[in-house]
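>>> Any chance you can model this:
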Amino acid sequence: MAEFEEPEDIDELRDFMEEYDEPINMPPMEQGFSSAIVVDNLPKVDAAKLPKLENVLKKIYSQVGEIKRIKMPMGEKVSLGFAFVEFGSQKMAEQAQKRTNGYKLDKTHIFDVVLYNELSRLLDVPDDYVEPPEPPLKRSVDNMSWLSDATGRDQFVLRFDLETVVNWCDSSVGPVVEYDGAREKAGGKHWCELYVQWSPRGSYLTTFHRPGIALWGGAEFGKQARLAHAEVKSVAFSPCERYLLTCNFRQGDPAAIIIWDVREARALRSFELTFNALTGQPIQFQWSHDGQYIARMAKDKAGGDVIQIYELPTMNLLEKKSLRAQGVRDFLWSPKDNTLAYWAPEIENTPAGVKLVSIPSRETIREKNLFNVHECRLSWQSDGDYLSVKVTRHTKSKKTQYNNFELFRMRDNLIPVEMLDIKDRVQAMAWEPGGDRFAVVHGDGGTPSVSFYTMKGTPPGAKPGSKQELLLLKTLEQRQCSHLYWSPSGGHIVLSGQGDYNGALEFYDVDALLEKGVTSDHYRCNYVEWDPSGRIVATAVTQPFDGAFYKFQMDNGYKLHTFQGEDFFEKQTEKFYQFMWRPRPPSLLDADAKKKVIKNLRKYERKFERADKEKAKRRHLLSMRTQWDLRDEHRQLLADRKAEFDALKAERVRLRDGFDEDDDSNYVITETYLEEVLDEKEIIIHSL
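Here you go, the predicted model:
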């Protein structure tokens with residue numbers, strides 16, 4: 001080893017050094033390259049274009065974290081097609097590998113990214129193959145086991161006080177507890193700290209905790225995953241349940257929003273929370289119907305309005321650019337197609353309008369210009385067959401407002417649009433699931449009207465096979481109604497009066513179109529939900545978690561009603577926070593199979609009627625058995641008391657100086673007959 005001479009002035013420096021100076025603790029030198037990645041499949045460029053390619057890599061990877069250096073090895077004339085990128089920490093390198101592996105630089109160059117340490121391991125793989133040991137069998141959890149219930153019951157979850165309970169809904173005996181967090185209680189913990197939420201197909205139950213969320217599933221509600229994201233306030237599953245969005249609504253937090261892969265329980269990408277400049281509300285992401293895309297409104301670098309559409313699972317912008325949407329105020333994905341509808345107000349000489357854009361082609365498939373627009377509300381029918389746009393317009397003086405609906409027929413050629421004018425103030429509108437009808441609550445007074453329309457109406461006197469059009473079916477006047485809740489199977493609707501109406505309920509059969517439905521009520525009701533089968537309706541009075549002194553706590557609780565409006569269960573519970581039905585996955589039956597079921601409905605009705613009779617018989621026998629048990633218990637009690645009485649006879653005789661009150665010979669029995677005429681009636685019978 002080479003020897004180094006000390007500087008001449010080292011002795012002068014030593015004069016200023018104290019003997020008790022603490023030694024300098026130098027950090028250990030890093031021996032490995034855990035903070036580096038290898039990016040393969042890059043374009044092969046000459047030395048002149050190398051700086052430009054390095055700048056491209058810097059722009060991509062600076063979004064992940066601090067870059068220390070980038071090195072691209074060169075061949076004789078061009079680069080070798082890969083690069084080493086070193087970050088400030090190992091965590092940054094791991095995040096960069098996850099987020100950019102598979103990134104499309106262009107059509108022919110797709111990044112293949114590995115950690116440097118992993119590359120070293122691959123290079124050290126021996127030439128001779130050694131078969132690894134067979135891993136132990138790990139049985140997968142059946143998250144759909146609850147669907148095999150013999151009686152086809154549905155489940156619901158209750159969140160109250162410190163309890164979280166999953167119940168079966170049995171109309172014959174009421175709720176039956178399935179799981180109440182017994183394992184967690186045995187460990188001295190609570191199953192859930194805050195809110196709960198089901199996934200869209202009912203596979204997972206999400207519980208909210210201060211450090212993050214947990215996913216539960218299977219027949220025994222075992223823990224499936226745990227996702228660390230502090231103070232999560234909201235979650236949104238993709239419709240396919242493969243991905244999940246969590247949000248804590250913290251301003252300035254670079255990871256306020258995180259997109260997760262549910263199966264792998266890993267974060268795909270994080271975002272900072274952004275706010276709408278007009279409303280001041282946070283801008284929310286929305287999932288496409290198949291979970292292939294997630295989108296939100298944003299601003300580009302020039303301040304223009306765009307919709308950012310990200311592809312899953314890479315979480316890269318679709319075609320690396322946003323969708324330009326000048327002035328966009330709101331958008332909504334179709335529930336069945338990758339079609340995006342959005343509206344924008346009037347801007348200078350450009351009229352307001354609604355656009356329908358097909359994704360990923362970005363083709364505008366329909367556009368409708370609107371004038372004198374104050375606001376629009378978009379609403380899709382559940383099968384994506386129709387799109388409703390409620391337009392609130394103003395007069396030229398802007399002093400008066402009125403409403404109309406623009407109704408798009410998505411399955412017809414060229415997507416025709418029909419207009420429905422409603423002069424009254426519109427309070428609510430709802431489509432029939434899987435159907436062609438919709439209901440509107442409208443009116444300015446305290447008792448509005450409810451009107452039902454169909455998109456497949458045939459006017460009176462029209463010829464058979466004529467074009468179907470928008471048609472009014474029925475108007476129910478003076479109803480205590482503020483919200484509309486259609487049955488998932490269609491045909492029935494609940495007209496709910498919340499707020500000032502104090503929980504008025506009307507169960508209405510839309511197929512019959514009667515003048516009045518079955519009325520009921522649930523005082524101060526603020527929550528209504530149908531079960532997935534359309535058989536049971538739940539109404540509830542709930543309070544927020546932060547409402548420690550909620551003034552209506554005495555009214556908290558829930559009720560269960562049949563779809564005909566008959567109440568069959570009620571329970572009041574203070575500190576009642578949530579009631580949620582467990583969703584069911586989409587039916588596996590196609591349209592032909594469903595038609596076959598409807599055709600043979602009477603046969604199925606007889607089968608279920610027999611089952612209902614058997615249930616009623618069992619309930620009757622059960623109630624009779626209870627009465628018999630009470631009778632036998634009473635008889636046994638009498639026998640025991642008589643035996644005790646007889647055992648004390650000698651003592652009673654002694655205390656009465658030898659007089660036995662039970663001996664009839666000690667009594668003189670006198671019989672007296674008393675006759676009393678209660679009524680007299682004389683009937684004259686003529687002889688023949």
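>>> how far does stretch 85-104 stretch from start to finish?
18 Å (Cα to Cα, to the nearest Å).
>>> and it, average pLDDT?
Mean pLDDT, stretch 85-104: 88.
>>> any idea how far it is from the chain center?
Computed by Cα atoms, centre = their mean, to the nearest Å, the chain-centroid distance of stretch 85-104 equals 32 Å.
>>> Give me the buried positions along that stretch.
85-87, 90, 92-101, 103 (16 or more other Cβ atoms under 10 Å). Yep, even glycine has a C-beta here, placed from its N, CA and C like the rest.
>>> May I ask which two of those are separated the most?
Within the buried residues of stretch 85-104, 90 and 103 form the most distant pair, 20.4 Å apart (Cβ to Cβ).
>>> So what are the sheet partners of whichever helix or strand residue 296 is part of and their directions?
Element membership for residue 296 (DSSP states H and E) is strand 293-299. Taking DSSP bridges as the criterion, strand 293-299 forms sheet pairs with strand 286-287 (antiparallel), strand 305-311 (antiparallel).
>>> quick one: average confidence on the last one?
Pointing back at strand 305-311 there. Taken as a whole, strand 305-311 has an average pLDDT of 95.
>>> Surely residue 521 touches residue 502?
Yes - counting by Cβ atoms under 8 Å, residue 521 does reach residue 502; the two are 7.5 Å apart.
>>> So between those two, which is more surrounded?
The neighbour count for residue 521 versus residue 502, taken as other Cβ atoms under 10 Å, is higher for residue 521 (17 against 13).
>>> from the middle of its chain, how far away would the helix ranked longest in the chain be?
If you go by DSSP state H, the chain has its longest helix at helix 601-647. Put simply, helix 601-647 sits 42 Å off its chain's centre (Cα atoms, centre = their mean).
>>> what stretches of this structure score poorly on pLDDT?
1-32, 464-466, 547-552, 687-688 (pLDDT under 70).
>>> Could you point out the bridge partners of residue 157 in the sheet?
In beta-bridge terms (that is, DSSP bridges), residue 157 pairs with residue 166, residue 580.
>>> list the contacts for it?
164, 165, 166, 167, 196, 198, 205, 578, 579, 580, 582 (Cβ atoms under 8 Å, 6 or more residues apart in numbering).
>>> As CSV, these with neighbour count would be great.
Compiled in CSV, the contacts of residue 157 are given as follows (neighbours: other Cβ atoms under 10 Å):
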residue, neighbour count
164, 24
165, 16
166, 22
167, 20
196, 20
198, 18
205, 25
578, 21
579, 23
580, 20
582, 23
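>>> Out of these, flag the one nearest to residue 445.
For the contacts of residue 157, the nearest to residue 445 is residue 579 (31.5 Å; Cβ to Cβ).
>>> Now that closest one: closest residue in space that isn't a chain neighbour?
residue 540 (4.5 Å; Cβ to Cβ, 6 or more residues apart in numbering).
>>> Give the full set of residues in contact with that neighbour.
Contacts of residue 540 (Cβ under 8 Å, 6+ apart): 522, 525, 526, 527, 528, 557, 558, 559, 576, 579.
>>> which SS state does residue 121 fall under?
At residue 121 the chain is in helix, as set by DSSP: H, G, I helix; E, B strand; the rest coil.
>>> ok, how many other residues are close to it?
Residue 121: 11 neighbours (other Cβ under 10 Å).
>>> mind checking how far it is from residue 112?
Going from residue 121 to residue 112 by Cβ to Cβ, to the nearest Å gives 16 Å.
>>> just residue 372 next, same as before
Using Cβ to Cβ, one obtains 55 Å as the distance from residue 372 to residue 112.
>>> Quick check: bridge partners of residue 316?
residue 311.
>>> so it makes contact with residue 104?
Yes - look at residue 316 against residue 104 with Cβ under 8 Å: they come within range, at 7.1 Å.
>>> contacting residues around residue 338?
288, 289, 290, 292, 293, 358, 359, 360.
>>> Does the second one belong to a helix, a strand or coil?
Meaning residue 289. Following three-state DSSP, we place residue 289 in the coil state.
>>> Dump the host helix or strand of residue 68 to PDB, restricted to CA.
Element membership for residue 68 (DSSP H and E) is strand 67-71. Taking C-alpha atoms only, strand 67-71 is exported to PDB below (Å, rounded to 0.1, in the frame of the first residue of the first chain):
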ATOM      1  CA  ILE A  67     -31.600  10.600  -8.700                       C
ATOM      2  CA  LYS A  68     -27.900  10.400  -7.900                       C
ATOM      3  CA  ARG A  69     -26.600   9.400 -11.300                       C
ATOM      4  CA  ILE A  70     -27.500   7.700 -14.600                       C
ATOM      5  CA  LYS A  71     -25.000   5.700 -16.600                       C
END
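>>> Thanks a lot, catch you later.
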